[in-house]
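**Q** have a look at this prediction, sequence included:
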Amino acid sequence: MPAFNTLDDIDVSGKKILLRVDINSPLERETLEIKDDVKIASALPTVRELAEKNARVAILAHQGRKDQWDFRDLSPHADILSDLLGREVRYIDDLIGEKAKSAIRSLADGEMILLANLRTLDEESAKLSSDAHADSQLVRTLSPLFDLFVNDAFASSHRRHASCVGFPMVLPSAAGRLMEREIGTLEKITESPERPCVFVFGGYKFADAIPVIQNLMLRDIADRILLGGLIGLAFLASEGHDIGPENVRSLRDELTEENMGAARDIIADYGESVVLPVDMALDADGERERWDVESGPAEFPSLDIGDRTIELFGKLLSEAKTVLISGPVGVFEREQFAKGTYSVFDKSVSSGAFSIIGGGHTTAAAKQMGFAEKISYSSTGGGALERYLTGKPLPAVEALIVSALRHKFIEP
């Protein structure tokens, strides 16, 4: 585990705690109501622990982006968090103004408030260093009002945003329980996985998948990498298979010579360890039609892996001891093209392997198919998980490590 503080290292009783969580949730487009409270529920262990230890807590979070349709205030998030927690989390429709500062100053032991959407401030997502973010208006205004900063927003840990990296520069800081568990779980599968260790990728963009696969193979983390979905098609195209005009169109600008060359190098270097589909399921006017990748061009869009590939992947997953699934291997929302994704989950769970899923689409698929409670661990990270798997440092985690060096540990 990286050398950052956790809640085990600090005494929070009676302290004013600034807590960063990631409760950015899917919304109904028409009503902007929250469709799924999974992200909000993921913050509960840390929020509940702080409340039960009589900390005085102000919560920072975001929803959407200012220029996107899902940008809205956090009042419904506060309501859902209150219901799940069984005690009030009061929403304050202010972030750095007098209303927010007054609410923070008046916090009582065990009381919690949720401040306004961080993304209302343009400086939150400015491309700056951690020390530069420490000099932002957000950090300069709020940090003097708190004793400690706790970051539990793993899903945002790949972003060098003011709320994630600025506060640890000026306040004693710790990782929350979710952050601690996410990092610990990912360390387990990347540093000492039980073998065979199998990764399944379906939802990655071609260009994003390449450095992930390169890192996993170079560091001898994965024994097998199974590729489905569009990323599987892209690798097939790089190997000279004619995936057809419909699928080329779906990949748009991904099939650059640079990406194709990198994919060919991966196959050349790692051979059978990177497993491509041998057949795909096409959408032939609403019907599932099998396409053998050696049989010539695909005439229709590919929406799932084919039956022979399902059997091939299933055998490898049945033998695995560690499995990570990131991205459905087919369009699971359509019943006739959910077969591949269902099989990947089923074989991973029935094998008894330590199984991890990551990314919103993967989590949604597992929930829809009844596997959410059977998976060993569901990561809240999408971009953060991807960055971790490339071997790159997570800025928010780096900031917590710097904070542990700059600020004295607070004994519990």
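**A** Structure's in. What do you need?

**Q** in a strand, V57, correct?
**A** Yes - when DSSP: H, G, I helix; E, B strand; the rest coil is applied, V57 is found to be in a strand.

**Q** surely it touches E49?
**A** No - in this structure V57 lies outside contact range of E49 using Cβ atoms under 8 Å: 10.3 Å. C-beta: built from backbone N, CA, C; applies to glycine.

**Q** and these two? Which one has more around it.
**A** Taking other Cβ atoms under 10 Å, V57 and E49 do not tie; V57 has more neighbours (26 against 15).

**Q** identify the bridge partners of the more buried one.
**A** In this entry, V57 is beta-bridged to I17, M112, by DSSP bridges.

**Q** surely L171 meets S143?
**A** Yes - with contacts counted by Cβ under 8 Å, L171 reaches S143, the gap being 5.5 Å.

**Q** more neighbours: which of the two?
**A** Neighbour count, other Cβ under 10 Å: between L171 and S143, L171 has more, with 23 against 16.

**Q** name the nearest residue to the more buried one, ignoring sequence neighbours.
**A** F149 (4.3 Å; Cβ to Cβ, 6 or more residues apart in numbering).

**Q** got it, and N215?
**A** N215 sits nearest to G391 (Cβ to Cβ, 6+ apart), 4.3 Å away.

**Q** over to K66?
**A** Distances taken as Cβ to Cβ, 6+ apart put R119 closest to K66, at 5.6 Å, once the chain neighbours are dropped.

**Q** measure that neighbour to E246 for me?
**A** Using Cβ to Cβ, to the nearest Å, R119 is found at 37 Å from E246.

**Q** would you mind putting the CA coordinates of stretch 313-329 into PDB?
**A** Only the C-alpha atoms of stretch 313-329 are listed here, as PDB (Å, rounded to 0.1, in the frame of the first residue of the first chain):
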ATOM      1  CA  PHE A 313     -13.100 -17.400 -23.600                       C
ATOM      2  CA  GLY A 314     -15.200 -19.600 -21.300                       C
ATOM      3  CA  LYS A 315     -12.500 -22.300 -21.200                       C
ATOM      4  CA  LEU A 316      -9.800 -19.800 -20.300                       C
ATOM      5  CA  LEU A 317     -11.900 -18.100 -17.700                       C
ATOM      6  CA  SER A 318     -12.900 -21.400 -16.100                       C
ATOM      7  CA  GLU A 319      -9.300 -22.100 -15.400                       C
ATOM      8  CA  ALA A 320      -8.500 -18.600 -14.000                       C
ATOM      9  CA  LYS A 321      -7.800 -17.800 -10.400                       C
ATOM     10  CA  THR A 322      -7.900 -14.000 -10.900                       C
ATOM     11  CA  VAL A 323     -10.200 -12.200 -13.400                       C
ATOM     12  CA  LEU A 324     -10.600  -8.500 -14.200                       C
ATOM     13  CA  ILE A 325     -13.400  -7.500 -16.600                       C
ATOM     14  CA  SER A 326     -13.500  -4.000 -18.000                       C
ATOM     15  CA  GLY A 327     -16.200  -3.400 -20.600                       C
ATOM     16  CA  PRO A 328     -18.900  -5.700 -21.900                       C
ATOM     17  CA  VAL A 329     -17.800  -7.800 -24.900                       C
END
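
**Q** what helix or strand is F199 on?
**A** F199 belongs to strand 197-201 when assigned by DSSP states H and E.

**Q** higher neighbour count, R119 and E246?
**A** In this view R119 and E246 are compared by other Cβ under 10 Å, and R119 has more residues nearby, 21 against 15.

**Q** which residues touch that one?
**A** With contacts defined as Cβ atoms under 8 Å, 6 or more residues apart in numbering, R119 is in contact with H62, Q63, G64, R65, K66, F71, S125.

**Q** per-residue confidence at it?
**A** Looking at R119, its pLDDT is 97.

**Q** a strand runs through it, doesn't it?
**A** No - going by three-state DSSP, the assignment for R119 is helix, not a strand.

**Q** quickly note the distance from it to M260.
**A** Using Cβ to Cβ, we find R119 at a distance of 37 Å from M260.

**Q** please apply the same query to E294.
**A** Taking Cβ to Cβ, one finds E294 at 19 Å from M260.

**Q** ok, now V329?
**A** Distance of V329 to M260, given as Cβ to Cβ: 21 Å.

**Q** which of those two has more residues huddled nearby?
**A** V329 (34 against 18).

**Q** thought the more buried one was touching L233?
**A** No - counting by Cβ under 8 Å, V329 stays clear of L233, with 10.8 Å between them.

**Q** what residues sit buried inside whichever helix or strand A263 is part of?
**A** Taking DSSP H and E as the definition, A263 sits inside helix 257-270. The neighbour-count check on helix 257-270 (16 or more other Cβ atoms under 10 Å) flags N259, M260, A262, A263, I266, Y270 as buried.
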